[in-house]
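# A structural model of the following input is requested.
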Amino acid sequence: QVQLVESGGGLVQAGGSLRLSCAASGRTFSRYAMGWFRQAPGKEREFVAAISWSGGSTYYRDSVKGRFTISRDNAKNTVYLQMNSLKPEDTAVYYCAAGAGYVRASGYDYWGQGTQVTVSS
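This is a model prediction of the structure:
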């Protein structure tokens with residue numbers, strides 16, 4: 001079992017930055033790929049970024065490439081999402097997930113409760 005707790009969300013102006021963190025419990029964290037997804041009101045949950053268990057491979061949706069960076073610290077059981085140059089369309093609840101899904105939400109076994117990110121124009 002893995003429990004995930006996100007933090008770091010908030011309200012920021014367009015062009016600003018936030019860093020989300022996802023702390024995982026359990027000693028098997030390093031075995032899992034990790035992903036970040038987001039869901040805006042009235043929209044389906046969508047993939048944002050993913051990272052392999054070793055951190056050696058990363059994946060991003062096109063709209064965040066060059067602005068967002070996913071990273072992980074297996075010693076701290078934590079995955080991060082650094083978000084720069086934020087845009088109002090980035091506003092959503094952001095979720096972290098653990099599993100083998102990479103870009104597919106259905107492939108993840110564990111999910112956090114989400115953290116709200118609001119970008120004002």
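# where does Ser106 land in three-state SS?
helix (DSSP: H, G, I helix; E, B strand; the rest coil).
# tell me, how many neighbours does it end up with?
Applying other C-beta atoms under 10 Å, we find 6 other residues in the vicinity of Ser106. Every C-beta, even on glycine, is put in place using the N, C-alpha and C of the backbone.
# Run the chain-centre distance for the helix or strand hosting Tyr95.
Tyr95 is part of strand 92-99, with elements assigned from DSSP states H and E. Centre-to-centre, strand 92-99 and its host chain are 5 Å apart (C-alpha atoms, centre = their mean, to the nearest Å).
# That strand pairs with which strands, and in what direction?
For strand 92-99, sheet partners with direction are given as strand 33-39 (antiparallel), strand 108-111 (antiparallel), strand 115-120 (antiparallel), following DSSP bridges.
# Surely Gln3 is in contact with Gly26?
Yes: the pair Gln3 and Gly26 qualifies as a contact (C-beta atoms under 8 Å) at a distance of 6.9 Å.
# Please report how far the residue positioned nearest the centre of the chain lies from Tyr108.
Note on the chain: the residue nearest the mean C-alpha position is Trp36, at 2.6 Å, using C-alpha atoms, centre = their mean. According to C-beta to C-beta, to the nearest Å, Trp36 stands 11 Å off from Tyr108.
# Check Glu44 too.
As it turns out, when the distance is counted by C-beta to C-beta, Glu44 lies 15 Å from Tyr108.
# Specify which residue of these two has the higher count of neighbours.
When Glu44 and Tyr108 are compared for neighbours, Tyr108 comes out ahead with 22 against 8, by other C-beta under 10 Å.
# ok now do that one, which residues does it touch?
With contacts defined as C-beta atoms under 8 Å, 6 or more residues apart in numbering, Tyr108 is in contact with 35, 97-101.
# hmm, try it at 7 Å
Residues near Tyr108 by C-beta atoms under 7 Å, 6 or more residues apart in numbering: 35, 97-99, 101.
# Top of these by number of neighbours, please.
With neighbours defined as other C-beta under 10 Å, the most crowded of these is Gly35; it has 29 neighbours.
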